[in-house]
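Enquirer: Give me a 3D structure for the following:
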Amino acid sequence: MKTLAILLLVLGVLAFAFPVISFVRKEKVLEVGPVEVVAKKHETISFAPLLGVTFLAVGGAILVAGAITGKRR
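Expert: Below is the predicted model of the structure:
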């Protein structure tokens, strides 16, 4: 569970650090013999701030819950 909590915390920080990821995707439009026509499409993926907050909150809660239950044993 500790690994999951740390992974969620890291994902939460990354969601805040990089709220928008942009990349270019090449798509083959036409191929006639040795001639190819390729189109470049610009894609963006955006993360809602609520997603980062949720990852941080859940990861922190799992980490705290694990620490509390670990002391009782």
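
Enquirer: switch to C-alpha atoms for all contacts and neighbour counts from now on
Expert: Fine.

Enquirer: which strands and helices sit next to the helix ranked longest in the chain?
Expert: Ranked by residue count, the top helix of the chain under DSSP state H comes out as helix 49-72. In terms of contacts (3 or more C-alpha pairs under 8 Å, 6 or more residues apart in numbering; DSSP states H and E), helix 49-72 is packed against helix 2-17.

Enquirer: quick check: angle from the helix it packs on to helix 49-72?
Expert: 150 degrees (axes from the mean of the first three to the mean of the last three C-alpha atoms, to 10 degrees).

Enquirer: starting at the chain centroid, how far to helix 2-17?
Expert: 9 Å (C-alpha atoms, centre = their mean, to the nearest Å).

Enquirer: Give me the residues contacting that helix.
Expert: If you take C-alpha atoms under 8 Å, 6 or more residues apart in numbering as the criterion, helix 2-17 is touched by 47, 49, 51-56, 58-60, 62-63, 66.

Enquirer: and the residues you listed as CSV, adding distance to residue 3?
Expert: As requested, the contacts of helix 2-17 are exported to CSV (distance: C-alpha to C-alpha, whole Å):
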residue, distance to residue 3
47, 23
49, 23
51, 19
52, 18
53, 18
54, 17
55, 13
56, 14
58, 13
59, 10
60, 12
62, 10
63, 9
66, 11
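
Enquirer: Export those residues as TSV, with columns for pLDDT, distance to residue 18 and neighbour count.
Expert: TSV is the format used below for the contacts of helix 2-17 (pLDDT from 0 to 100; distance: C-alpha to C-alpha, whole Å; neighbours: other C-alpha atoms under 10 Å):
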residue	pLDDT	distance to residue 18	neighbour count
47	84	8	14
49	89	10	12
51	90	12	15
52	91	10	21
53	93	13	16
54	93	16	15
55	94	14	21
56	93	15	22
58	95	19	16
59	94	18	24
60	93	20	17
62	92	24	19
63	90	24	18
66	84	29	14
